[in-house]
Each structure stands twice: as C-alpha cells, then as structure tokens.
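Asks: Turn this into a model:
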Amino acid sequence: MKEANKHTILILGGSGFLGNAIYKELCAYFRTFATYNTSHSQLEKNHHFFQYNFEEDDIYEILDIVKPTIIISALRGDFSKQVLLHQHLAEYVFSQKVKLLFLSSANVFDAYSKYPSYEEDKTLTNSVYGLFKIKIENLLLRLPKTQVAILRMPMVFGAQSPRIAEILQNIKENAPIEVFPNLIMNVTTDSKVTQQIHYIINRNKYGVFHLGSTDLVHHDEFIKEIVASFQLEKKALYKQVYTTNDDRYLAVLPKFNKLPKHLQLHSQDLLKELKM
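Replies: Below you'll find the predicted structure:
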C-alpha cells in the first residue's frame with residue numbers, strides 16, 4: 001500500500017455524481033478528502049468530508065486542515081463564484097507547488113460544429129457554460145504546466161447518473177425524452193473517468209486530456225440504444241429537437257495525450273455496462 005502515503009487528495013464537489021464516484025475510486029489508495037454542499041447526515045459522520053459552500057465559505061480553511069498535494073475540482077453551481085474560487089485555487093497551487101485536476105467539458109468547443117475537437121485545438125464557445133469553463137481553463141493554463149491537468153469530458157452516462165435517471169423518469173411518467181438527431185458526440189461513463197483520473201494521478205500526468213469514447217455516436221440513436229438496454233423501447237416517447245439543419249459535432253477526441261488501451265472506451269462498452 002505504498003501508494004497511500006504518496007498523496008493527500010481533496011475533491012471539491014465530492015457529493016455530486018462524478019465527485020462521489022472519484023472519491024470512491026481513490027479513497028482506498030490515497031488519503032482522500034472531499035467537500036459536500038447540502039447537509040447530509042451520512043457525510044456529516046464521515047470525517048473525510050467537509051461541508052463547504054463555495055458561494056459563501058472560504059476555501060483556505062479546508063486547504064489548511066487537509067494540506068492536499070492534489071486538488072480535484074468537480075464542482076457545480078454559480079459560474080462567476082466558481083471562477084473566483086479557481087483564482088484562489090490557482091494562487092494556492094502556485095505557492096504550495098501542488099497539483100490541480102479540473103473537470104472541464106466538451107462545451108469549450110461548442111462553437112465548432114463541423115468536426116470533433118482535439119486537445120490542442122483552440123477553444124471557442126457560443127454558450128454561457130462553455131465560456132465559464134474556458135475562463136477557468138485559461139486561468140489554469142497560466143500555471144506551471146506540470147501542476148495542472150485539464151480533463152475535458154463529453155456527456156457522462158452511468159447506471160447512477162442524472163442523465164440515465166432522467167431518461168427512466170420520463171419513461172415512467174410517459175413524458176417524451178428529448179433527442180438531438182443532428183448532434184454527433186462521443187460519450188463516457190463515471191467508472192471509466194474515475195479509472196482515468198486514478199491513472200493520471202499515479203503516473204503524475206499533466207496537460208489537457210480528452211476523456212471521451214474513441215468512437216462517435218448520433219445523440220438520438222445512442223439514447224434509443226440506452227433505452228433498449230433497459231428493454232423499455234416499447235414504452236419510450238421521443239421529442240426530436242433540431243437546433244440546426246446540418247450535423248453538429250460536440251466531441252472531444254484524444255490525439256496527443258492518449259491513455260493506455262485499457263483506459264480507452266468505446267460507446268458500446270457503455271451500453272454493455274448498463275446491461276449488467
């Protein structure tokens with residue numbers, strides 16, 4: 001268990017879907033701490049979790065107690081307050097010579113609709129969400145490069161994911177599931193992302209990573225395949241949403257910073273995982 005002494009990890013947003021999956025993956029190997037926002041009796045008993053509201057509380061208090069060597073940012077919430085928090089984190093990372101892993105999104109490329117995006121492509125967005133992620137990315141890219149990993153992700157699915165929960169809820173309530181027939185994307189699962197993060201930490205990797213499946217799928221077809229994996233295709237209703245008449249890409253493919261084969265994902269792996 002020599003791994004365990006190597007790092008102290010602090011996950012910001014540890015009660016969210018992805019943050020919690022990352023905590024579960026890492027806590028057996030490293031001294032792992034996490035934050036949660038809303039009161040939660042289970043987490044209050046766990047001495048590795050700190051209640052923290054980034055819109056009101058100061059992060060320095062927690063940083064002082066934990067003294068992390070790696071910070072993983074998996075927060076959701078107010079964009080401008082998040083930018084401010086990451087300015088503070090950037091100062092801390094720089095002064096303490098620690099490392100920051102930031103969960104970013106394919107949306108940093110949502111203005112490029114004609115082709116998939118690779119790690120070194122210039123970011124450009126039409127969305128408020130994409131703009132906020134780009135702001136934080138640019139802030140972090142000014143830090144010494146070995147101290148930062150930017151992890152850009154496409155849509156994340158998993159048995160417990162909010163996206164799957166919403167699909168199942170819609171079917172149960174006889175409500176239509178929104179599908180985007182012209183959207184070409186890649187996908188990933190929480191379990192694959194957590195393994196990839198574990199590897200990046202273990203091997204001390206840094207830079208920009210695109211953590212999407214190696215293949216591309218059409219949004220509408222893929223959602224229908226997910227529904228079929230639960231054997232609910234007869235019950236599902238769909239609402240086709242056309243944002244454009246042409247095919248539109250929102251996909252982050254790895255080209256320069258490729259992870260080993262066993263950490264790569266094909267969209268069919270995701271469907272197999274859901275069937276289990």
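
Asks: Show the average pLDDT along whichever helix in the chain runs longest.
Replies: Taking DSSP state H as the assignment, the helix of the chain that covers the most residues is helix 79-96. Over the span of helix 79-96, the pLDDT mean works out to 94.

Asks: Output that helix as CSV, restricted to C-alpha atoms.
Replies: As requested, the backbone C-alpha atoms of helix 79-96 are provided in CSV (Å, rounded to 0.1, in the frame of the first residue of the first chain):
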residue,chain,number,x,y,z
PHE,A,79,-20.3,30.3,-12.6
SER,A,80,-18.8,33.6,-11.6
LYS,A,81,-18.3,32.4,-8.0
GLN,A,82,-16.6,29.3,-9.4
VAL,A,83,-14.2,31.5,-11.4
LEU,A,84,-13.4,33.5,-8.3
LEU,A,85,-12.7,30.2,-6.3
HIS,A,86,-10.4,28.9,-9.1
GLN,A,87,-8.4,32.2,-8.9
HIS,A,88,-7.8,31.4,-5.2
LEU,A,89,-7.0,27.8,-6.0
ALA,A,90,-4.6,28.9,-8.7
GLU,A,91,-2.7,31.1,-6.2
TYR,A,92,-2.6,28.2,-3.7
VAL,A,93,-1.4,25.6,-6.3
PHE,A,94,1.3,28.0,-7.4
SER,A,95,2.5,28.9,-3.9
GLN,A,96,2.3,25.4,-2.4
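
Asks: Which residues belonging to it are considered buried?
Replies: Residues of helix 79-96 classed as buried under the neighbour-count rule (16 or more other C-beta atoms under 10 Å) are 82, 85-86, 89-90, 92-93. Backbone N, C-alpha and C define where each C-beta goes, glycine included.

Asks: neighbouring contacts of that helix?
Replies: The set of residues that contact helix 79-96 without belonging to it, under C-beta atoms under 8 Å, 6 or more residues apart in numbering, is 12, 54-55, 59-60, 63, 71, 73, 75, 98-100, 102, 128-129, 132, 135-136, 139-140, 142-144, 147-148.

Asks: could I get the buried residues of helix 79-96 as CSV with distance to residue 106?
Replies: Compiled in CSV, the buried residues of helix 79-96 are given as follows (distance: C-beta to C-beta, whole Å):
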residue, distance to residue 106
82, 18
85, 22
86, 19
89, 22
90, 23
92, 28
93, 24
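
Asks: Distance check, the closest residue to residue 26 other than its chain neighbours against residue 233.
Replies: Nearest residue to residue 26 in three dimensions, chain neighbours excluded: residue 32, at 4.8 Å (C-beta to C-beta, 6 or more residues apart in numbering). In this structure, residue 32 and residue 233 are 40 Å apart, going by C-beta to C-beta, to the nearest Å.

Asks: Of the two, which one has the most company?
Replies: A count of neighbours by other C-beta atoms under 10 Å puts residue 32 above the other of residue 32 and residue 233, at 24 against 12.

Asks: That one - that's part of a strand, no?
Replies: Yes. When the secondary structure is assigned by DSSP: H, G, I helix; E, B strand; the rest coil, residue 32 falls within a strand.
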